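Peer 1: Take a look and give me a structure for this.
(chains A and B)
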Amino acid sequence: NAGVMQNPRHLVRRRGQEARLRCSPMKGHSHVYWYRQLPEEGLKFMVYLQKENIIDESGMPKERFSAEFPKEGPSILRIQQVVRGDSAAYFCASSLRDGYGYTFGSGTRLTVV
Amino acid sequence: GEDVEQSLFLSVREGDSSVINCTYTDSSSTYLYWYKQEPGAGLQLLTYIFSNMDMKQDQRLTVLLNKKDKHLSLRIADTQTGDSAIYFCAEKLESSASKIIFGSGTRLSIRP
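Peer 2: Coordinates of the predicted model:
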């Protein structure tokens, strides 16, 4: 029973490019959460999704960031026109029920050069 | 408001007990968590406590919750080198069913 799988583990993008981060939840989990960790800081909530629905996006920047969790396939966090300030570790978590029993993936470390 | 605070660093001698402290501001917390993050890795849930409990013990880990003072602590008995990591305190709010609020983490280092 694989845990939460995130890929890629490391992603380097030039300023202005698009970054696409993928997250496959644990088997049987239908709730997905994305968090961002800036260097030397804690995790900040970005968005909570269920299949085909965004439930809470109160932590998402208003521009350039979007997330989806389609009926089939992984959840995707998309960052358009990346800037240096987007460099961070992006963690995905999944749960069986809303907010309980979070399991985190190993994260995607995005570096914008 | 939503705020979870921790001291940034803690250094202990191998074999001693480590006590990591955390304060939070929102009294509507339902669950409080301790996560461990090793270098380059994701977060591993160590333990959690429900807000109507005062204490929870799990092998070398003891969690104490003082709800009146909004203070949470994690005690690691007989600290080992493998305990070196960043420890995050986090809370789940009654008002927001989905998200968990994290502190900035306490970096625990072990000296011989």
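Peer 1: Show me which residues of chain A sit near chain B.
Peer 2: When proximity is defined by Cβ under 8 Å from any Cβ of the partner chain, chain A lies next to chain B at A:4, A:31, A:33, A:35, A:40-45, A:48, A:55-56, A:58-59, A:91, A:98-99, A:102-107. From N, CA and C alone the C-beta is placed, and that goes for glycine too.
Peer 1: show me where chain B has strands.
Peer 2: In order along the chain, chain B carries the following strands (DSSP state E): B:4-6, B:9-13, B:18-24, B:29-37, B:43-50, B:55-58, B:61-66, B:71-76, B:85-93, B:100-102, B:106-111.
Peer 1: Dump those to CSV, plus distance to residue A:14 and mean pLDDT.
Peer 2: As requested, the strands of chain B are exported to CSV (distance: least, Cβ to Cβ, whole Å; pLDDT from 0 to 100):
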stretch, distance to residue A:14, mean pLDDT
strand B:4-6, 35, 92
strand B:9-13, 35, 96
strand B:18-24, 39, 95
strand B:29-37, 28, 89
strand B:43-50, 29, 90
strand B:55-58, 46, 94
strand B:61-66, 44, 96
strand B:71-76, 41, 96
strand B:85-93, 30, 91
strand B:100-102, 30, 87
strand B:106-111, 32, 95
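Peer 1: Redo the ones you listed as CSV? Include mean neighbour count.
Peer 2: As requested, the strands of chain B are exported to CSV (neighbours: other Cβ atoms under 10 Å in any protein chain shown):
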stretch, mean neighbour count
strand B:4-6, 20
strand B:9-13, 13
strand B:18-24, 19
strand B:29-37, 22
strand B:43-50, 17
strand B:55-58, 12
strand B:61-66, 17
strand B:71-76, 20
strand B:85-93, 23
strand B:100-102, 22
strand B:106-111, 17
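Peer 1: so of the residues of chain A next to chain B, which ones are in strands?
Peer 2: When DSSP E is applied, the residues of chain A next to chain B are split such that A:31, A:33, A:35, A:43, A:44, A:45, A:48, A:55, A:56, A:91, A:103, A:104 fall in strands.
Peer 1: nearest residue to the second one other than its sequence neighbours?
Peer 2: Beyond its immediate neighbours in the sequence, the residue positioned closest to residue A:33 (Cβ to Cβ, 6 or more residues apart in numbering or on different chains) is residue A:93, lying 4.5 Å away.
Peer 1: Which pLDDT value belongs to that neighbour?
Peer 2: Predicted confidence (pLDDT) at residue A:93: the value is 93.
Peer 1: angle of the strand or helix carrying it against strand B:43-50?
Peer 2: Secondary structure here is read from DSSP states H and E; on that basis residue A:93 sits in strand A:88-95. Angle, strand A:88-95 to strand B:43-50, by axes from the mean of the first three to the mean of the last three Cα atoms, to 10 degrees: 50 degrees.
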